[in-house]
Each structure stands twice: as C-alpha cells, then as structure tokens.
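**Student:** Sequence and predicted structure, then a few things I'm wondering about:
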Amino acid sequence: MTDTSPAQITAAEIVLPARALSPEMAFFIDTLGFRLDEIYPADDPAVAVLSGHGMRIRLDRAAEQPPGHVHLRCTDPDGFAAGARRLTSPSGTTVEIIDADPVLETPETQHAFLVRHLRDSDAWVIGRAGMRYRDLIPDRLGGSIIASHIRIPDGGPVPDMVHFHVVGFQLIFCLAGWVRLVYEDQGPPFVLEAGNAVIQPPQIRHRVLEASDNVEVLEIGVPAEHLTKIDHDMELPNGRSDPDRTWDGTRFIHFKAPEVSWGPWRLPGWEAQDTGIGAATAGVAGVKVVRPDGTAEAGWSRHTTDILFTFVQSGEVTLDARGTPATRLSTGDAFVVPPHLETRLSAPSAECRLIEVALGATFDTVPGAPA
C-alpha cells in the first residue's frame, strides 16, 4: 500500500514555464526577491527551483503548462517593485502585488424594504464546516450586511479550527439547541444556549467545538463580504480571561437572556431586553429582544438608523408598510425596514419574540401619520 502521509513529503513546488531560463530567473530573483535553491544540468540549465515569500517555484524550460498567475501580498505595496501592481515575467507569468491587510470597507447601503418568509426559502446551502446556510437578505443591501439562518443538523463534534474574521460587526444568536464555543481571552469553553447570543469582535480568535442535534443560529455580518482567516498557531482556550479587552474598540459580549430584565421599547405595546451590544460596540450596532407587553398596539412609525433588520424568533405578528399589502410573519421570517419608511406591527401572538438588529445603535423613532 502506498504511503501518502504528510511525513513522506519534503516540499511542494508550483511548476511554471520558462522559455528561456536566465531571464525568467532574473525576474523572480532580482525583481521579486526569490532565491535560487537548485539548478540543473550544470552545462545547460533547464530547471531552476526558487523559494521565497512562503512558496517554492520550479521554472522548467520543458514545462507544458501555460503561464501562471501569482499573488504577492505586501504590507507596503507602493514600496515594492517600484510601486507596480501588476508585473509580467519574460515567459508570461503575471504577478499581482496586493495589500496584505486591506482596509475593511463597508459599501454604502442600498436601502430596500424586504420581507423573507421561511416557507418561501430556497434550498439550504452547505457552507463552512458542513453547516447549512439560508440567506435572509439576498441582495445584501448593496454589500453592506449579510444575515444568515444557519443549521447544524447532526450533533456532536464540529470539524472547525481556530479562526477569526476580518469584519466590522458579527452577531451569533442561538435560536434552537446549543453550541459549545471557545474564544480568545474569554476563559474555558462554554455553551451558548437557545435564546442567548454572542458578538464576535473583529479578529477575535474562536472555534466551534460541539453542537446539539438540529442547532439553529442567526448570524449577522457587516460588511457582507468579509475574510475568514485560520490561525494555525493559537490553541484555545489560551489560558487567559480578560472580559474588558477590546478588539478594534469592541468588547466580547455573551448575552444570557434569563439574566436580563425587560424594559420599555421604542414602540408602545412592546417591551425589550437590551443585550448590551450597543455599549460594547460603542454604538456601531445594537441588538434587542422584543415581545408584546399586552397593552395598546403601536401605531405607524418610521426610524432614522441606516439598517434595521428584524428576525421573528418565535410566534406571529403582522407587518404593515406604507404602499404594500400587510403580511403575517411567523417563526423564521425576517424583514428589513429602510429609514423613513412608515411601518406598523400589529396583532402579535402572546409568544411573539423579535430580534432587532440596528446599525447604528442610537436612532430616533418618529410617529407616523394616522392610518
């Protein structure tokens, strides 16, 4: 039986064609900073092996492959290769010079009124670590936000690894079941139970360890497209507990619903639990859990924040928006209300619970005109 274990491998090489070896070598060595490791035969070199920047390249005059495409990630792209961002070797291989740590940019929000019913959802998509994803904002409001309903159908250990996200804001709200997590500088692993939530500050290392059968979570990310990086060096837990540490100005939050009291909400007839996320993010985002308080129903109103997303955690409620038919919402449904559009929530069931995510956290709610 052939041994294919990693212990058998001493190196990995990318093969690139070299019509003429000397000028190709000069390009990679003198212009790009690679070094020569091997060359043969001595009397008429046809193959050269170069290494640098975490990769190993085999330049071969007899290679039948087409020219390649290489990315070099630089901390100062303007200070490398005389500021050129795209270079071409004598044999046609292109080299792009890109920023190793690009600035996180959130696109301008493309506002829209959106309702997403669970019953109308497309097939769940299999994503990272075998998790099933359901998209709650298909157009992502122009790329400014992503909202996903995630399921892990089979319980047990999760094939995850220590990783972090280059993101502005990220919420994980457990809807059903439980999931065991571990975070950098937050002590030993803990269980995130249904009804509770965490925010993952930008670049905090973390790992999903285990899940119950049929666990469901709501995940919000800003912006919609953000990078996930694997940290191969850090082991979690990392032996520290620092609840006051911040990452890009954001503290880690573990919201535990049974420990938080209910108070007035921005709309009459409802009350809310404040998750503490508004304070932890310095106002970047606010998250509240909302339920009817049994008093008079709220009338028409509009808001002034950039993004206002709501997920129906349980029960039912009717949503009206000016100029559109009323719609009855139930568990698993979601909606986005753009700023200044008048809407109304009415006829909530007793068990109705809403999760409201606002970006930013502080905004006005303005009463609307009578119906």
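**Tutor:** Cool, the structure landed.
**Student:** neighbouring contacts of stretch 10-17?
**Tutor:** Contacts to stretch 10-17, defined as Cβ atoms under 8 Å, 6 or more residues apart in numbering, come from residues 24, 49, 55-61, 63-68, 89, 91-93. Any C-beta I mention is one placed from the backbone N, CA and C, and that applies to glycine too.
**Student:** same check, this time on stretch 48-55
**Tutor:** Contacts of stretch 48-55 with the rest of the structure, by Cβ under 8 Å, 6+ apart, involve 13-14, 18, 21, 24-25, 28-29, 32-39, 56-59, 70, 72.
**Student:** before we move on, back to that, helices - which of the contacts of stretch 10-17 land there?
**Tutor:** With helices defined by DSSP state H, the entries of these inside them are residue 24.
**Student:** Can I have the buried ones of the contacts of stretch 10-17 as a PyMOL selection?
**Tutor:** Selecting only the buried entries of those in PyMOL, with 16 or more other Cβ atoms under 10 Å as the criterion:
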select buried, resi 24+49+57+58+59+60+61+63+67+68+89+91+93
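**Student:** ok so, going back, quick one: buried ones out of the contacts of stretch 48-55?
**Tutor:** Judged by neighbour count, with buriedness set by 16+ other Cβ under 10 Å, the buried members of the contacts of stretch 48-55 are 13, 18, 21, 24-25, 28, 32, 34, 57-59, 70, 72.
**Student:** quick one: low-confidence ranges for the stretch 101-250 of the chain?
**Tutor:** With pLDDT under 70 as the threshold, the stretch 101-250 of the chain has low-confidence stretches at 122-123, 127-130.
**Student:** For the residue nearest to residue 260 when sequence neighbours are not counted, pull up the helix or strand it's in.
**Tutor:** By the measure of Cβ to Cβ, 6 or more residues apart in numbering, the closest residue to residue 260 outside its immediate chain neighbours is residue 273, 4.6 Å from it. When elements are assigned from DSSP states H and E, residue 273 belongs to strand 270-274.
**Student:** Then residue 338?
**Tutor:** Here residue 338 is covered by no helix or strand, with elements defined by DSSP H and E.
**Student:** okay but residue 367 is in contact with residue 268, surely?
**Tutor:** No: no contact is recorded between residue 367 and residue 268 when judged using Cβ atoms under 8 Å, the distance being 9.8 Å.
**Student:** so what sits against both of those two?
**Tutor:** Taking Cβ under 8 Å, 6+ apart as the contact criterion, the residues that touch both residue 367 and residue 268 are residue 299.
**Student:** give me the beta-bridge partners of residue 310?
**Tutor:** Beta-bridge partners recorded for residue 310 (DSSP bridges): residue 335, residue 356.
**Student:** swap in residue 246?
**Tutor:** Beta-bridge pairing for residue 246 (DSSP bridges): residue 251.
**Student:** residue contacts, the residue nearest to residue 260?
**Tutor:** Under the criterion of Cβ under 8 Å, 6+ apart, the neighbours of residue 273 are 257, 260, 261, 262, 263, 288, 289, 290.
**Student:** which residues touch the fourth one?
**Tutor:** Read it as residue 262. With contact taken as Cβ under 8 Å, 6+ apart, residue 262 is in contact with 271, 272, 273, 291.
**Student:** How much space separates the third one from residue 121?
**Tutor:** It refers to residue 273. Look at residue 273 and residue 121: by Cβ to Cβ, to the nearest Å, they are 27 Å apart.
**Student:** How about residue 290: what's its closest non-neighbour residue?
**Tutor:** residue 354 (4.3 Å).
**Student:** likewise residue 69?
**Tutor:** Setting aside the residues directly before and after it, residue 69 is nearest to residue 94 in space (Cβ to Cβ, 6+ apart), at 5.2 Å.
**Student:** Quickly list what that neighbour is bridged to.
**Tutor:** For residue 94, the beta-bridge partners under DSSP bridges are residue 69, residue 88.
**Student:** mind checking how far it is from residue 254?
**Tutor:** 47 Å.
**Student:** swap in residue 277?
**Tutor:** Counting by Cβ to Cβ, the gap between residue 277 and residue 254 amounts to 11 Å.
**Student:** how many other residues sit next to residue 133?
**Tutor:** 16 (other Cβ atoms under 10 Å).
**Student:** again but with residue 102, I slipped
**Tutor:** Using other Cβ under 10 Å as the criterion, the residues surrounding residue 102 number 11.
**Student:** and it, backbone torsions?
**Tutor:** phi -60, psi 150 (degrees, to the nearest 10).
**Student:** The stretch 1-150 of the chain: helices as residue ranges?
**Tutor:** 21-26 (DSSP state H, counting those that start in this stretch).
**Student:** Can you tell me how far the residue nearest to residue 256 when sequence neighbours are not counted is from residue 146?
**Tutor:** If the residues on either side of it in the chain are set aside, residue 256 comes closest to residue 196, at 5.2 Å by Cβ to Cβ, 6+ apart. Shown here: residue 196 relative to residue 146, a distance of 21 Å by Cβ to Cβ.
**Student:** that older thread, got the contact list for the residue nearest to residue 256?
**Tutor:** Counting by Cβ under 8 Å, 6+ apart, residue 196 touches 173, 174, 254, 255, 256, 257.
**Student:** close enough to count as contact, residue 110 and residue 142?
**Tutor:** Yes: A contact is recorded between residue 110 and residue 142 when judged using Cβ under 8 Å, the distance being 3.1 Å.
**Student:** Compare these two and say which one has the larger neighbour count.
**Tutor:** For residue 110 versus residue 142, the count of surrounding residues by other Cβ under 10 Å is larger for residue 142: 15 against 12.
**Student:** I'd like the distance between that one and residue 168.
**Tutor:** 15 Å.
**Student:** same thing with residue 279?
**Tutor:** Taking Cβ to Cβ as the measure, residue 279 falls 17 Å from residue 168.
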